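coords below, sequence missing:
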Ligand code: OXD
Ligand code: MN
């Protein structure tokens, strides 16, 4: 075993690295320092080993394509476990396994698993340097693809070891791809040990342990213990024509355009507004000394879904992926460029699909995998917020919950108060797509978009949200939005994309105490005249339909919420029940 040390780690870190190396038996152990020189060396090695395919250097400088194992293309929720001393701590929405037994089983799988391989020691910092929010993680991985992605997604290397100093307070992440067999694939979280062991998958959400595993599942546990929140939220700054900026955090389940909203480009018809991205996926939130809620994006890069990304849907993302980007499972054109469904131009003749096979247009097989991705540094973003690296974070004035709902949920509504806002988040849902379930139009409840990411009992999670309220002297206002309501013909009522800024403008006005609203049983809502509709050309009928509250739809909604609560089979906080009862009474149910 050869060892190259770029920095002096604390002895507890070295001892743990040695212990894992004794178990997994790598030929080499490489400590990553995060330098450009190291990135060049690892990239060259990945190209030699055919893990990365270089793209056309003129068209996409510094860009590479990775093709994953065809059976390893997405997060595997059924193989994801929370390992707490007792099952109840994980709650009814998580898979649970006993910690000791799981360590024993995985240790057997891992024995000698890195023979003939290199083990990369990847220290990383989540959150800006010198920030109260920041936490250190160290991932030990036998995948050079993971090491290179981690360098984009986090502040990786020396900076993390410096932040760690002599402390042994860091997330211990152990990752081995084994033979990528789904039969030996497990992603196990040990919240009490601040540890994650992930085996048998090289896919982002399973293998980049900083992201869903540490920054959401483990961090949500730490947040509950320490009085803060780790959320599946984008953060954006909205600069008004007057020059003041309002920061908003927003939670949406997958496939609801979260990255697009985080990078929204104001339409030409709305003058003077600018949107800045702080984060596109994860927010860590704390109560500041001033009684406001402050947030950082713990990540340093974007792991975005490629299909559907186009100059129309997300012009900033198209600029972001022009250089220094790793693409995973997209199609490759004959000129060495990338292509995916919905990119906005025809597929070039001779393109090969995500598995390297000739594309057969008309075969029904997509050229890019539907979950193909780009990994790009946030510094590529032309709309990056100047506060993305601010150790203090940004003050959040509004929290937005949203989902894909063809009926029922209006374009926008505002919660009456914090507790009502928590109820809106707790009852969030989104329509599943045919691709995901085989069934269209089924609403999957996804509280705060955290169903797959909450590292502990979901009822305790609601209680934690409610308990944050009294600590917030100036709580953010809470909103619910729905860009996806349809008419009877199945056509979207609201144009979406950049036009969503009109809804954000109303939200900013409400936060500033300016915008008008009327009370309805479900929350406060704008009238037509409260929204800036200049240059939009939406008919009054369609707008009315987008804002409508229909009793029959809400009767079904409340019943579906009831079914969800029953399925949770747990002690919901009384306050959530009170909100539900109040709403039912308002509809005289
Ligand atoms: C993601 C997800 O990859 O939510 O961000 O699945
Ligand atoms: Mn996500």
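That came through, no problem. Treat the numbers as computed from the prediction; the structure is a model and nothing was measured. Residues are numbered from 1 along each chain as shown. Ligands and ions are numbered 1, 2, ... in the order given.

I'd guessed residue 448 sits against residue 425; true?
Yes. Contact criterion CB atoms under 8 Å: residue 448 and residue 425 qualify, at 4.4 Å. Every residue, glycine included, has its C-beta placed from N, CA and C.

shared neighbours, the two?
Applying CB atoms under 8 Å, 6 or more residues apart in numbering, one finds that residue 448 and residue 425 are jointly contacted by 251, 401, 465.

enumerate the residues of the stretch 301-450 of the chain near ligand 1.
Along the stretch 301-450 of the chain, the residues adjacent to ligand 1 under the rule CB under 6 Å from any ligand atom are residue 303.

how about the residues of the stretch 51-200 of the chain near ligand 1?
Residues of the stretch 51-200 of the chain lying close to ligand 1 by CB under 6 Å from any ligand atom are residue 75.

pLDDT wise, what is the closest residue to ligand 1 within the stretch 51-200 of the chain at?
Going by CB to the nearest ligand atom, ligand 1 is nearest to residue 75 of the stretch 51-200 of the chain, at 5.6 Å. Here the pLDDT value assigned to residue 75 is 91.

can you tell me the SS state at the nearest residue to it once chain neighbours are set aside?
Once flanking residues are discounted, residue 75 sits nearest to residue 205: 3.8 Å by CB to CB, 6 or more residues apart in numbering. State at residue 205, reduced to three classes by DSSP: H, G, I helix; E, B strand; the rest coil: helix.

against ligand 1, how distant is residue 205?
Counting by CB to the nearest ligand atom, to the nearest Å, the gap from residue 205 to ligand 1 is 5 Å.

middle-most residue in this structure, spatially?
residue 281 (3.2 Å; CA atoms, centre = their mean).

residues in contact with that one?
Residue 281 touches 211, 232-234, 258-259, 297, 299, 302-303, counting by CB under 8 Å, 6+ apart.

please parse the protein into its domains.
Domain assignment of the chain by automatic domain parsing yields the ranges 11-31+75-226, 52-66+301-382, 231-297+388-586.

any idea which of these is most buried?
Neighbour counts (mean count of other CB atoms under 10 Å) averaged over each of the domains of the chain peak at domain 11-31+75-226, with a mean of 20.

any regions of this protein where pLDDT drops low?
Residue ranges of the chain with pLDDT under 70: 1-8, 433-441.

try 50
Across the chain, the ranges flagged by pLDDT under 50 are 1-6, 434-438.

and the longest helix along it, what other elements does it pack with?
Counting residues, the longest helix found in the chain (DSSP state H) is helix 551-568. Under the contact criterion of 3 or more CB pairs under 8 Å, 6 or more residues apart in numbering; DSSP states H and E, helix 551-568 touches strand 443-445, helix 574-586.

just give me the closest of the shared contacts of residue 448 and residue 425 to ligand 1.
Looking across the shared contacts of residue 448 and residue 425 and measuring by CB to the nearest ligand atom, the closest to ligand 1 is residue 251, at 10.7 Å.

ok, that closest one - contacts?
Here residue 251 is in contact with 231-233, 399-402, 425, 428, 448-450 (CB under 8 Å, 6+ apart).

picking that back up, reformat the helices and strands packed on helix 551-568 as TSV; add distance to residue 104.
Below are the helices and strands packed on helix 551-568 laid out as TSV (distance: least, CB to CB, whole Å):
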stretch	distance to residue 104
strand 443-445	34
helix 574-586	38
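
which one of these lies closest to residue 217?
With CB to CB, the closest approach to residue 217 among the helices and strands packed on helix 551-568 belongs to strand 443-445: 18.7 Å.

each with direction, which strands does the closest one pair with?
Strand pairing for strand 443-445, determined by DSSP bridges: strand 429-431 (antiparallel).

contact partners of the strand it pairs with?
With contact meaning CB under 8 Å, 6+ apart, strand 429-431 is reached by 252-253, 255-256, 403-406, 440-446, 484, 560.

quick one on the thing from earlier: next step: the shared contacts of residue 448 and residue 425 restricted to helices.
Members of the shared contacts of residue 448 and residue 425 lying in helices (criterion: DSSP H): residue 465.

just the helices in the stretch 251-400 of the chain please.
Applying DSSP state H, counting those that start in this stretch to the stretch 251-400 of the chain gives helices spanning 258-262, 315-320.

swap in the stretch 401-550 of the chain?
418-426, 434-437, 458-468, 501-511, 540-547.

distance to residue 241 for these - can I get that in a markdown table?
As requested, the helices of the stretch 401-550 of the chain are exported to a markdown table (distance: least, CB to CB, whole Å):
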| stretch | distance to residue 241 |
| --- | --- |
| helix 418-426 | 28 |
| helix 434-437 | 40 |
| helix 458-468 | 33 |
| helix 501-511 | 10 |
| helix 540-547 | 23 |
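
and the gap between residue 66 and residue 145?
Distance, residue 66 to residue 145, using CB to CB, to the nearest Å: 6 Å.

anything in contact with each of those two?
By CB under 8 Å, 6+ apart, the residues touching both residue 66 and residue 145 are 51-52, 326.

now do the nearest residue to residue 554 once chain neighbours are set aside: how many residues are near it, please.
Computed as CB to CB, 6+ apart, the closest residue to residue 554 that is not its neighbour in sequence is residue 587, at 5.5 Å. By the criterion of other CB atoms under 10 Å, residue 587 has 15 neighbours.

check contacts around residue 525.
Neighbouring residues of residue 525 by CB under 8 Å, 6+ apart: 410, 412-414, 517-518, 547, 549.

OK, contacts around the closest residue to residue 369 other than its chain neighbours?
Spatial nearest neighbour of residue 369, chain neighbours left out: residue 329 (4.0 Å); criterion: CB to CB, 6+ apart. Residues near residue 329 by CB under 8 Å, 6+ apart: 66-68, 73, 354, 368-369, 371-373.
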